[in-house]
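Enquirer: Model the following, please.
(one chain, ligands or ions: 1)
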Amino acid sequence: MKKQIEVVAAVIKKDNKYFAAQRKDQGELARKWEFPGGKVEPGETHQEALAREIKEELNVEIKVTDFLTTVVHEYNSFIITLHAYFAEYVSGEFKPNEHLDTKFLTKEEMADYDFAAADLPIIEKL
Ligand SMILES: Nc1nc2c([nH]c(=O)n2[C@H]2C[C@H](O)[C@@H](COP(=O)(O)OP(=O)(O)OP(=O)(O)O)O2)c(=O)[nH]1
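Expert: Here you go, the predicted structure:
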């Protein structure tokens, strides 16, 4: 049986662009682009998990707003349930601690970036 994980991701919008981040060079999703977030821990709400992960990864505070979509995707080595939420920047200076690169991208620009497969249905909905 493949490992199953539950992950939350924040779609942080600024003007007509969305914040995207490139994963480190390790694992099945090495160097893929994604929306920042991470695994939900036991007892956490999605909103709590997102706020915690964004603070850890990017050093900023966000406010989670609307639910966007949930995607279930089977990778080679695990199955992910990925919940995407819109979020607004609240405070702090963006300082990526865990990613190779970060960018604000329009939906159209995202076509030129190699996003994690589970994220493609999220991009479709933007
Ligand atoms: N944060 C995030 N993860 C995503 C997205 N799309 C996608 O397939 N994933 C995958 C990548 C990871 O395998 C997993 C998120 O886990 P993570 O980033 O918290 O943890 P990880 O596996 O790098 O690290 P670890 O804590 O297990 O060592 O979900 C996305 O848009 N955002």
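Enquirer: Could you pull out the strands in this protein for me?
Expert: Using DSSP state E, the strands of the chain run over residues 3-14, 17-22, 33-34, 37-39, 61-74, 78-91, 101-105.
Enquirer: Tell me which of those strands sits most buried.
Expert: For the strands of the chain, the largest average neighbour count (mean count of other CB atoms under 10 Å) is found in strand 33-34, namely a mean of 22. Bear in mind the C-beta positions are built from the backbone N, C-alpha and C, glycine included.
Enquirer: which helices and strands does that strand pack with?
Expert: With contacts taken as 3 or more CB pairs under 8 Å, 6 or more residues apart in numbering; DSSP states H and E, strand 33-34 sits against strand 17-22.
Enquirer: what residues does the strand it packs on touch?
Expert: Residues outside strand 17-22 that contact it (CB atoms under 8 Å, 6 or more residues apart in numbering): 10-13, 31-36, 57-58, 96, 99-107, 110, 113, 115, 126.
Enquirer: Of those, which fall within the contact range of the ligand?
Expert: With CB under 6 Å from any ligand atom as the criterion, those include Glu34, Phe35, Pro36 near the ligand.
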